[in-house]
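> Output the structure for:
(one chain, ligands or ions: 4)
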Amino acid sequence: MNVPKCPICQQSDIGILDGQLAVCRSCSKSKRCVFQFCLACQREWPHNSSTTKSCTLPNCALRAALLSDTKISDPQSSVRGCPYFRACPGCKALLTHNGRGCPNIVCPHCGRHICFRCLRERCFGEINIGAFALLRRSFILDDVSPCRVVDNKQNLTVLGL
Ligand SMILES: [Zn+2]
Ligand SMILES: [Zn+2]
Ligand SMILES: [Zn+2]
Ligand SMILES: [Zn+2]
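Ligands and ions are numbered 1, 2, ... in the order given. Purely as a prediction, here's the structure:
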């Protein structure tokens, strides 16, 4: 894991108080009140739960997995460069890809077909239709390039996590 950063100011001037509970010194200074946040899910620590050591915010573990920097690095894989974890856009289940085959996976929980790279449903890559292919009214395999790998930030926003 890399150096923990404050979710607000993105600086590492933080103190880890207990377990997942951290405090940002620079934000606390500028806000003139103690700014505490959860190291795992990167959200402000609820003020009413100061007695507990673990985060009580909903979807903490799910957010933590999606925010992690671990990426699929296998150069042979069709999902190279993708985060290790994805959330299903349909049911928010945590998903992984075994690295083999095409980027599309089926969510075991809701049966949705998801492209692990771009998170669209039933993606076949970016189809570049050339003039020649248009004339023939058919696609040539070379005209399909892989879709863009999106990061999980957008996914989190869309799912309201
Ligand atoms: Zn801060
Ligand atoms: Zn948390
Ligand atoms: Zn699902
Ligand atoms: Zn795709």
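> number of nearby residues for the closest residue to Pro83 other than its chain neighbours?
Nearest non-adjacent residue to Pro83, counting by Cβ to Cβ, 6 or more residues apart in numbering: Asn152, 5.3 Å away. From N, CA and C alone the C-beta is placed, and that goes for glycine too. The criterion is other Cβ atoms under 10 Å. On that basis, Asn152 has 21 neighbouring residues.
> Asn152 is in contact with Leu67, isn't it?
Yes - if you go by Cβ atoms under 8 Å, Asn152 and Leu67 touch, sitting 6.8 Å apart.
> How about the contacts made by the residue nearest to Pro83?
When contacts are counted by Cβ atoms under 8 Å, 6 or more residues apart in numbering, Asn152 is found next to Leu66, Leu67, Pro83, Phe85, Arg86, Ala87.
> same question, Ile8
Ile8 sits next to Cys24, Cys27, Phe35, Phe37 when contact means Cβ under 8 Å, 6+ apart.
> Run through the bridge partners of the first one.
Here Cys24 shows beta-bridge partners Ile14, Phe35, assigned using DSSP bridges.
> Contact residues of this structure facing ligand 3?
Contact residues, the chain versus ligand 3 (Cβ under 5 Å from the ion): Cys88, Gly90, Cys91, Ala93, Cys107, His109, Cys110, Arg112.
> burial measure for Cys91, as a count.
14.
> Leaving out chain neighbours, which residue sits closest to it?
In space, and not counting its chain neighbours, Cys91 is closest to Cys110: 4.1 Å by Cβ to Cβ, 6+ apart.
> So which residues make contact with stretch 9-23?
Residues outside stretch 9-23 that contact it (Cβ under 8 Å, 6+ apart): 3-6, 24-27, 34-40, 45, 53-55, 60.
> How about that stretch and ligand 2, touching?
No - legend: contact between stretch 9-23 and ligand 2 by Cβ under 5 Å from the ion is lacking; minimum distance shown is 5.8 Å.
> centre of the chain versus that stretch, how much separation?
For stretch 9-23, the separation from the chain centroid amounts to 21 Å (computed by Cα atoms, centre = their mean, to the nearest Å).
> buried stuff in it?
Counting neighbours by 16 or more other Cβ atoms under 10 Å, one finds that the buried residues in stretch 9-23 are Ile14, Gln20, Leu21, Ala22, Val23.
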